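Novice: Could you look at this predicted model? Sequence included:
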Amino acid sequence: MKILLVEDEAALRTALLSSLKQAGYLVEAAADFAQAHEKIKLYQYDCVLLDLTLPDGSGLDLLRALKADGSPAGVLIITARDALDDKIAGLDLGADDYLIKPFHLSELNARLRAIIRRRQFQGQQQITFRDLLVLPELAEVHVRGEHLTLTRKEYDLLLYLLANPGRILTKEAIAEHLCGDAVDAADSFDFIYTHLKNLRKKLQEKGADNYIRTMYGVGYKLSHE
């Protein structure tokens, strides 16, 4: 899952980046309003972790921009203990949840998981698709009752497909989801084909049907048929 962390306090930003990456998230960071605004205009995120007090602008204005653009990203506000009005304003603007500083990293991870489940999978504790069963809390995948071992990228790719069943996903969209803004430096998207080929092979070795379809010249689709 792809997270944008918007936090101006360098020490806290570094600690959160480390913790979120260890938890398996693809994380990008912005230290101020300008950086964050540029990123939300250029890229898509599953969730934005948003400090409301930034040196060059208001986190509430970033939240307004996200909602005005129709972004599907969840938003978790980070707020100071005495910022009740901002917290209420953020929730009224469409934020999903909030955390009061200081907070435990375990609580942050739990709230992020809950937001992403609500946003992408209607809050389900487990995801089923044909002969697939995915347990997001455990990062486990089962095919016809058998455990399937995937790499981190293969697992993220599968979740992205499951979050968009029947929808054609371009190679560019998949690359951005898996790599974030680092994809801008990529010479080609051949690595997407490699991840898809390996994912298909592992699924079929467990007896799954080939429901990851190639839409030639367009992208890929998770098919119900």
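Specialist: Cool, the structure landed.
Novice: Next, the contact list for L199, please.
Specialist: With contacts defined as Cβ atoms under 8 Å, 6 or more residues apart in numbering, the neighbours of L199 are 150, 154, 157-158, 212. No exception for glycine: its C-beta is placed from N, CA and C like everyone else's.
Novice: which one is F33 nearest to, not counting chain neighbours?
Specialist: Take F33 and drop its neighbours on the chain: the residue closest to it by Cβ to Cβ, 6 or more residues apart in numbering is G57, 3.0 Å away.
Novice: Could you check how far that neighbour is from V48?
Specialist: For G57, the distance to V48 under the criterion Cβ to Cβ, to the nearest Å works out to 15 Å.
Novice: Neighbour count for those two, which is higher?
Specialist: Set side by side, G57 and V48 give different neighbour counts by other Cβ atoms under 10 Å, the larger being at V48 (26 against 14).
Novice: one step back: taking the contacts of L199 one by one, which sit in strands?
Specialist: When strands are assigned by DSSP state E, the members of these inside them are I212.
Novice: would you list the contacts of L199 in a markdown table and tack on pLDDT, neighbour count and distance to E38?
Specialist: Conversion of the contacts of L199 to a markdown table gives the following (pLDDT from 0 to 100; neighbours: other Cβ atoms under 10 Å; distance: Cβ to Cβ, whole Å):
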| residue | pLDDT | neighbour count | distance to E38 |
| --- | --- | --- | --- |
| L150 | 91 | 18 | 33 |
| E154 | 90 | 20 | 30 |
| L157 | 88 | 23 | 26 |
| L158 | 90 | 23 | 30 |
| I212 | 88 | 19 | 33 |
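Novice: can you tell me which of the contacts of L199 lies nearest to L133?
Specialist: For L133, the closest of the contacts of L199 turns out to be L158, at 11.7 Å, with distances computed as Cβ to Cβ.
Novice: Let me know whether the closest one touches A139 as I believe.
Specialist: No - proximity of L158 to A139 does not meet the contact threshold set by Cβ atoms under 8 Å, at 10.6 Å.
Novice: and F129, what is it in contact with?
Specialist: Contacts were defined as Cβ under 8 Å, 6+ apart; by that measure F129 touches 162, 165, 211, 222.
Novice: brain fart, I116
Specialist: Contact analysis of I116 by Cβ under 8 Å, 6+ apart lists 1, 46-47, 74, 136.
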